[in-house]
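# model this:
(chains A and B)
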Amino acid sequence: GQSLEQPSEVTAVEGAIVQINCTYQTSGFYGLSWYQQHDGGAPTFLSYNALDGLEETGRFSSFLSRSDSYGYLLLQELQMKDSASYFCAVRDNQGGKLIFGQGTELSVKP
Amino acid sequence: NAGVMQNPRHLVRRRGQEARLRCSPMKGHSHVYWYRQLPEEGLKFMVYLQKENIIDESGMPKERFSAEFPKEGPSILRIQQVVRGDSAAYFCASSPSAGAGNTIYFGEGSWLTVV
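Have a look, this model is predicted:
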């Protein structure tokens, strides 16, 4: 099966940089995704890495190392509105459904 | 282009009643996924459907839960004889095809409260 591990919570201050790590186990790999979810809201897609390296989208970047079964989400110039839960996800070994990690709750303090 | 539409947003049911949750995927999307989220927890996969077919229901409880995605109309998640433990947010997501990157688009969720 598939499993993902990420820290349960992270705290940082406005303007700082924070990195949320994710390690995964999967028998077939179809890329690593990141989703953001604000309290009471819908999960929204942030980024997707199929190949090793860094993908940058504005203040957010995502990194993947397939040999280490590891990725991270990097959030720069943190803003209060970045306070949310962040989930890493992989597709199952048939490339069907997405399997999500337990989520990392990010709290941004003034 | 409307997003994934779920209704109702909030639903209160007494124990033993039935709950029906509806999901209309994004236009052009033929793949629908249902997830359940308990407070302070992650998204637990329930079922994956294409039009008129259940592709993967490995996350569905064996009893009381069923899902369909008919040729016409929304996908329906049906919970019979609800119990307090069914209280959760139920999210529907859609994608244009399987393996379309890892991007699936979520609706705003249906919050079920069983009293």
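# C-alpha only now, for contacts and for neighbours.
OK.
# tell me which element A:Gly15 falls in.
Using DSSP states H and E, A:Gly15 sits within no helix or strand.
# and if you look at A:Phe87?
Going by DSSP H and E, A:Phe87 is in strand A:84-91.
# and B:Arg78, what is it in contact with?
Going by CA atoms under 8 Å, 6 or more residues apart in numbering or on different chains, B:Arg78 touches B:Glu18, B:Ala19, B:Arg20, B:Leu21, B:Arg64, B:Phe65, B:Ser66, B:Ala67.
# Return the residues in contact with the residue nearest the centre of chain B.
In chain B, the residue lying closest to the centroid (CA atoms, centre = their mean) is B:Trp34, at 3.5 Å. The contact partners of B:Trp34, by CA under 8 Å, 6+ apart, come to B:Phe45, B:Met46, B:Val47, B:Tyr48, B:Leu77, B:Tyr90, B:Phe91, B:Cys92, B:Ala93.
# just curious, which of the contacts of B:Arg78 is nearest to A:Gly31?
Set against A:Gly31, the nearest of the contacts of B:Arg78 by CA to CA is B:Ala67 (27.7 Å).
# In this structure that closest one contacts B:Gln80, no?
No - assessed by CA atoms under 8 Å, B:Ala67 is found out of contact with B:Gln80, at 11.3 Å.
# neighbour count winner among those two?
For B:Ala67 versus B:Gln80, the count of surrounding residues by other CA atoms under 10 Å in any protein chain shown is larger for B:Ala67: 22 against 16.
# contacting residues around the nearest residue to the more buried one once chain neighbours are set aside?
Take B:Ala67 and drop its neighbours on the chain: the residue closest to it by CA to CA, 6 or more residues apart in numbering or on different chains is B:Leu77, 4.5 Å away. Listed by CA under 8 Å, 6+ apart, the contact partners of B:Leu77 are B:Arg20, B:Leu21, B:Arg22, B:Trp34, B:Phe65, B:Ser66, B:Ala67, B:Glu68.
# Tell me which strands the helix or strand encompassing B:Leu77 pairs with, and in which orientation.
Taking DSSP H and E as the criterion, B:Leu77 maps to strand B:75-79. Sheet pairing of strand B:75-79 (DSSP bridges) gives strand B:19-24 (antiparallel), strand B:65-68 (antiparallel).
# before we move on, back to that, between the contacts of B:Arg78, which sits nearest A:Ala42?
Out of these, the member with the shortest distance to A:Ala42 (by CA to CA) is B:Leu21, at 15.7 Å.
# What score does the closest residue to the closest one other than its chain neighbours have for pLDDT?
Distance criterion CA to CA, 6+ apart; nearest residue to B:Leu21, sequence neighbours excluded, is B:Leu77 at 5.1 Å. Among the per-residue scores, B:Leu77 holds a pLDDT of 98.
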